[in-house]
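> Build the 3D model from these lines:
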Amino acid sequence: NFLKKETMLKKRVGVDDMVLLSSKSTSDSSIVDNLKKRHGKEIIYTYIGEVLISVNPFKNIPIYGPDQILAYQNKLPYENPPHVFSLAENAFKRMKNEQENQCVIISGESGAGKT
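Numbering: from 1, shown residues only. Okay, the predicted model is just below:
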């Protein structure tokens, strides 16, 4: 299983959701430090609550194949590591099940890898 293997290899690198950073240590530097730790282990996605942050790895990493798609289908966001597939799954579920309009904002500098 993709996620079990990936989670075992990359377990406990920083925090998946920066809401969990202690209130005493929540600062710009602690946020940047967490993102750097995760990026260094090719973990490019991190949450801040319902917001998904992605750091451009500047190389191809194998996190977008059929196994990853299946791993995030019909799962809640906290059941797997942060990923754009989780964000998409959650928005789709809300749209279908709760009849709520959804909006996904993708922001970043030119050339930052948004496409």
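> In this protein, which residue sits furthest out from the middle?
Computed with Cα atoms, centre = their mean, the residue of the chain farthest from its C-alpha average is Gln99, at 24.4 Å.
> And it, how far from Ser86?
Distance from Gln99 to Ser86, counting by Cβ to Cβ, to the nearest Å: 21 Å. To be clear about C-beta, it is placed using only N, CA and C from the backbone, and glycine gets the same treatment.
> before we move on, what about Ile48?
Look at Ile48 and Ser86: by Cβ to Cβ, they are 14 Å apart.
> Low-confidence ranges, this structure, go.
1-11, 23-26 (pLDDT under 70).
> what about the strands in it?
Assigned by DSSP state E, the chain shows strands spanning 45-48, 51-54.
> And these: which comes nearest Lys37?
Judged by Cβ to Cβ, the one of those that comes nearest to Lys37 is strand 45-48, at 9.8 Å.
> just the CA coordinates of that closest one, formatted as PDB?
Taking C-alpha atoms only, strand 45-48 is exported to PDB below (Å, rounded to 0.1, in the frame of the first residue of the first chain):
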ATOM      1  CA  TYR A  45       2.200  19.200   1.200                       C
ATOM      2  CA  THR A  46       1.300  20.600   4.700                       C
ATOM      3  CA  TYR A  47      -2.000  21.800   6.100                       C
ATOM      4  CA  ILE A  48      -2.800  24.900   8.200                       C
END
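> Can you name the residues in contact with it?
Strand 45-48 is contacted from outside by 14-19, 34-35, 38, 52-55, 77, 81-84, using Cβ atoms under 8 Å, 6 or more residues apart in numbering.
> ok, back up a step: pick the most deeply packed of the strands of the chain.
strand 45-48 (a mean of 19; mean count of other Cβ atoms under 10 Å).
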